[in-house]
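Asker: got a predicted structure plus its sequence, pasted below:
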Amino acid sequence: MRNRGGIQGVASSPILVGAVTVLVIIVAVFLAYNANNGLPFVSTYNLHAKVPNADALVKGNEVRIGGVRVGIVKSVVPVQEADGQVAAELDLSLDKSAEPLPVDSTIMIRPKSALGLKYLQVIPGDSSKGFEAGATIPLKAARPEPVDIDEFFDMFDEPTRKAIQRNQAGFGNALAGRGVSINEAFGSLRSFVVHAQPALETIVAPSSNFGGFWRALENLSATVAPVAEQQASMFVALDRTFAAFARVSRPYIQETISKSPSTLDAANADLPVLRPFLHDSERFFAALKPGTKALAEKSPVIAEALHAGVPVLNASPVFNNQLEPTAQALVDFQESTGVFNGLNLLIDTNKLLKPSLRFIAPAQTTCNYVTLAFKNLSNANGEGNGQGNWLNFISFEVPDGPNSESGPASAPANGPEPDNHLHFNPFPNTEAPGQRAGCEAGNEKYQPGTTVIGPGAIWGKTTRGQVKSE
């Protein structure tokens, strides 16, 4: 009876009832206000995520998987990557039912309505490994954001609207006054559809892979998307090109089209006759290609030769006038007694000198020795070193040791002192018949402590005054 009386006492107190009511209302308002941020005392699965651009995604926006709300965005803050790129980091609070999220999952910011509200869509992967609580979904997992309706309407800027107006005006002018032709076109459309049906059946047949054509077209569009600006520039250039064509369409292009059938008939009659000529021309130009390439490389030299040849050609008439008496004198010389005997003796002389010349010629043609010999003789009084010119000599003490150059020797000097070694090569290699390719004389390296007699290592293939060949 006392307890029942106590309960009646509490219920009968208007102040206490009002206080409890106010407390319940405050708790309900608090829970309703924080409903978007999660209810208190409820365990959550917290993750971080990086996206290239948050783009109107704000705190409190939903996180959805398969269209079902599984959490909220707690915060959005800008961050800077190590490479200087600026991104946005999202703090996500997910339900425990989404844990663990596979590590190959992807995320995408999508519009929730046409008014600009966004949400974060998570597409779970199929990896057996998941993100631990507090982990960060990397930037590479973010996928491009779909085009919003405001971005779609942004493409209709003022230049685009004016271009649409011009297109509509052009289409209207093109169709004006052509009602009869349009009616005839629709009348002919029926026969076109009848005749087009077999072609359409062939197109949609599985063997034609018509679906593959559209997939290839999709891949082509994705390939050319990065060069969209260049394509736009191309269409601008095409507009100028077709405008130039329009200015000469009548009568020039019109006459060209009207005369094209007779021209094609003439070409069909003449081209078979020209085919052998074209075939031979192809072979001729293919054979001419190496010479043309070499001619292009030597064109500066040829140009200089042509410039130098103009005065020569101007003086050639005088030279040509002297050719006839000169030729007659040569004929008279040929018919003189003893000329053939002299030529035969010259031929015999050349045959006798040929082996010697073959052995001596490389000394000049390969190593430039004869030219260097005459050059050194002409510069003997002017060239030398710090001790004097080439016609002077220096006294020096010969090395000591057996068979040294200081006295008679029974054998080549061969030590034991490092300087008491003979270095002598009477027939250096010059690439003569039977010799190695090289210019040994004048290129030998002094080898202290070693006796070197005869040909040694080839130290070089050029001498002073020569350009090293590649």
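Answerer: Right, received. Where do you want to start? Numbers count the residues shown, from 1 in each chain.

Asker: put the alpha carbons of stretch 64-75 into PDB.
Answerer: Provided in PDB are the C-alpha atoms of stretch 64-75 (Å, rounded to 0.1, in the frame of the first residue of the first chain):
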ATOM      1  CA  ARG A  64      26.500   3.300 -49.900                       C
ATOM      2  CA  ILE A  65      27.200  -0.200 -51.000                       C
ATOM      3  CA  GLY A  66      24.900  -1.600 -53.700                       C
ATOM      4  CA  GLY A  67      22.500   1.300 -53.100                       C
ATOM      5  CA  VAL A  68      22.200   0.600 -49.300                       C
ATOM      6  CA  ARG A  69      23.400   3.100 -46.700                       C
ATOM      7  CA  VAL A  70      26.300   1.600 -44.700                       C
ATOM      8  CA  GLY A  71      27.800   4.700 -43.200                       C
ATOM      9  CA  ILE A  72      28.500   8.400 -43.400                       C
ATOM     10  CA  VAL A  73      31.300  10.700 -44.300                       C
ATOM     11  CA  LYS A  74      32.600  12.100 -41.000                       C
ATOM     12  CA  SER A  75      35.000  14.800 -42.500                       C
END
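
Asker: which residues sit against that stretch?
Answerer: Outside stretch 64-75, the residues that touch it by CB atoms under 8 Å, 6 or more residues apart in numbering are 36-38, 44-46, 57-63, 90-95, 97-98, 119-124. Glycine gets a C-beta too; all of them are placed from N, C-alpha and C.

Asker: what about the strands in the stretch 301-450 of the chain?
Answerer: 384-385, 388-389, 423-424 (DSSP state E, counting those that start in this stretch).

Asker: what's whichever strand or helix holds residue 273 packed up against?
Answerer: Here residue 273, judged by DSSP states H and E, is contained in helix 254-297. Counting contacts by 3 or more CB pairs under 8 Å, 6 or more residues apart in numbering; DSSP states H and E, helix 254-297 packs against no other helix or strand.

Asker: give me the mean pLDDT for it.
Answerer: In this model, helix 254-297 has a mean pLDDT of 86.

Asker: from residue 120, how far off is residue 86?
Answerer: With distances taken as CB to CB, to the nearest Å, residue 86 is found 19 Å from residue 120.

Asker: of the two, who's got more company?
Answerer: Using other CB atoms under 10 Å as the criterion, residue 86 and residue 120 rank with residue 120 on top: 23 against 10.

Asker: sec struct for that one, please.
Answerer: strand (DSSP: H, G, I helix; E, B strand; the rest coil).

Asker: sorry, back to before: inside strands: which ones of the contacts of stretch 64-75?
Answerer: Among the contacts of stretch 64-75, the members falling in strands are 45-46, 62-63, 90-94, 119-123 (criterion: DSSP state E).

Asker: just the buried residues of these.
Answerer: 45, 62, 63, 90, 92, 93, 94, 119, 120, 121, 122 (16 or more other CB atoms under 10 Å).

Asker: and the first one, what does it touch?
Answerer: Yep, that's residue 45 we're talking about. Counting by CB under 8 Å, 6+ apart, residue 45 has contacts 71, 93, 94, 95, 96, 98, 99, 100, 101, 133.

Asker: where along the stretch 101-250 of the chain do the helices fall?
Answerer: Along the stretch 101-250 of the chain, counting by DSSP state H, counting those that start in this stretch, helices occupy 149-154, 158-175, 179-204, 210-224, 228-247.

Asker: which one, of those, ends up nearest to residue 453?
Answerer: Smallest distance to residue 453 across these (CB to CB): 74.2 Å, for helix 210-224.

Asker: got the CA positions of that closest one in PDB?
Answerer: Below are the C-alpha coordinates for helix 210-224, written out as PDB (Å, rounded to 0.1, in the frame of the first residue of the first chain):
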ATOM      1  CA  PHE A 210      28.300  -6.700 -85.400                       C
ATOM      2  CA  GLY A 211      28.700  -6.300 -81.600                       C
ATOM      3  CA  GLY A 212      32.400  -6.500 -81.900                       C
ATOM      4  CA  PHE A 213      32.200  -3.600 -84.400                       C
ATOM      5  CA  TRP A 214      30.600  -1.400 -81.700                       C
ATOM      6  CA  ARG A 215      33.100  -2.500 -79.000                       C
ATOM      7  CA  ALA A 216      35.900  -1.600 -81.400                       C
ATOM      8  CA  LEU A 217      34.200   1.700 -82.000                       C
ATOM      9  CA  GLU A 218      34.000   2.200 -78.200                       C
ATOM     10  CA  ASN A 219      37.700   1.500 -77.900                       C
ATOM     11  CA  LEU A 220      38.400   3.900 -80.700                       C
ATOM     12  CA  SER A 221      36.400   6.600 -79.000                       C
ATOM     13  CA  ALA A 222      38.400   6.000 -75.800                       C
ATOM     14  CA  THR A 223      41.600   6.200 -77.700                       C
ATOM     15  CA  VAL A 224      40.800   9.500 -79.400                       C
END
